[in-house]
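Student: Structure for this input, please:
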Amino acid sequence: MKNIYLYAIFILSSVPMSLYAQGTKFKDNYTYQVREERGDLNNDGKLDKITVKMDLVDDTRPLRLQIFLSQPNGKLTLDVSSTKIIEPQYPIENQGKFNGYQIPYFFIERGILKMWSEIKGGNITYHFKYNNGNFELIYVNKITNDATNGYIDENTIFTATNFDLVTGVRIETDEISGLVKPLKVRKKIVLIRPLPKIQDFKFSDQELY
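Tutor: Sure thing, here's the model as predicted:
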């Protein structure tokens, strides 16, 4: 009898908490819009939308990418939401210091979603294509240089990397500004299967390409 009484008290005491939890909505702190781009991403002839918003409450200033696809009724529906693809402006490991990079830019060109990001010594552009319900990484362009004194001179070597993830062909070309022929060209096959999906992509993945 005592166990039944205690069980009844537990049930009654948990009801208000459950109702309260159901009535409480998660507060979205990603309120400051940094980027917006519109274009046809899934080849249906309708304008889709991407946004990048910042959380101004969190001291690290994290950023969230969202992709909205147009529906037959003309409304936009959220398809992808990621807080991993863009590095926070003030990463925890930097102990409150700015990471030194611009917030990435996004472009929609011929149905391809391109993400341009600054990286150490250069920049990198990711190409994502909508396929079978996912945005897959299909191509990467990267340009870096070996400048060590904080400035570029006539001896600076630039390395251009073009990586076609569909075929697996990755080509690195070393050049010096002003020279007609490249210093060196390196070509190899790197197969990544399955192709990376944008919702799984992390800003630190740049080291893989």
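Student: so who does the residue most central in space within the chain touch?
Tutor: Nearest to the mean C-alpha position of the chain, counting by Cα atoms, centre = their mean, stands residue 85 at 2.7 Å. Applying Cβ atoms under 8 Å, 6 or more residues apart in numbering, we find residue 85 in contact with 65, 115, 198, 201-203. In this view, the C-beta of every residue, glycine as well, is placed from N, C-alpha and C.
Student: Give me the buried subset of the residues you listed.
Tutor: 65, 115, 198, 201, 203 (16 or more other Cβ atoms under 10 Å).
Student: and which of the contacts of residue 85 is nearest to residue 192?
Tutor: The closest of the contacts of residue 85 to residue 192 turns out to be residue 201 (Cβ to Cβ; 12.0 Å).
Student: wait, doesn't that closest one sit right on residue 84?
Tutor: Yes - with contact defined as Cβ atoms under 8 Å, residue 201 and residue 84 form a contacting pair (6.9 Å).
Student: picking up where we left off before, how close does the residue nearest to the centre of the chain get to residue 177?
Tutor: According to Cβ to Cβ, to the nearest Å, residue 85 stands 32 Å off from residue 177.
Student: so can I have JSON lines of the contacts of residue 85 showing secondary structure and pLDDT?
Tutor: Below are these laid out as JSON lines (DSSP: H, G, I helix; E, B strand; the rest coil; pLDDT from 0 to 100):
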{"residue": "65", "secondary structure": "strand", "pLDDT": "98"}
{"residue": "115", "secondary structure": "strand", "pLDDT": "98"}
{"residue": "198", "secondary structure": "coil", "pLDDT": "97"}
{"residue": "201", "secondary structure": "coil", "pLDDT": "96"}
{"residue": "202", "secondary structure": "coil", "pLDDT": "96"}
{"residue": "203", "secondary structure": "helix", "pLDDT": "94"}
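Student: Which two of the buried ones among the contacts of residue 85 have the greatest separation?
Tutor: The distance between the two most remote of the buried ones among the contacts of residue 85 (Cβ to Cβ) is 12.1 Å, for 198 and 203.
Student: following the least confident helix or strand in the chain by mean pLDDT, which helix or strand shows up next?
Tutor: In the chain, no helix or strand scores lower on mean pLDDT, DSSP states H and E than helix 2-23, which sits at a mean of 40. Sequence order places strand 30-39 as the next helix or strand after helix 2-23, per DSSP states H and E.
Student: For that following strand, buried residues please.
Tutor: Here strand 30-39 shows 30, 34-35, 37, 39 as buried, counting by 16+ other Cβ under 10 Å.
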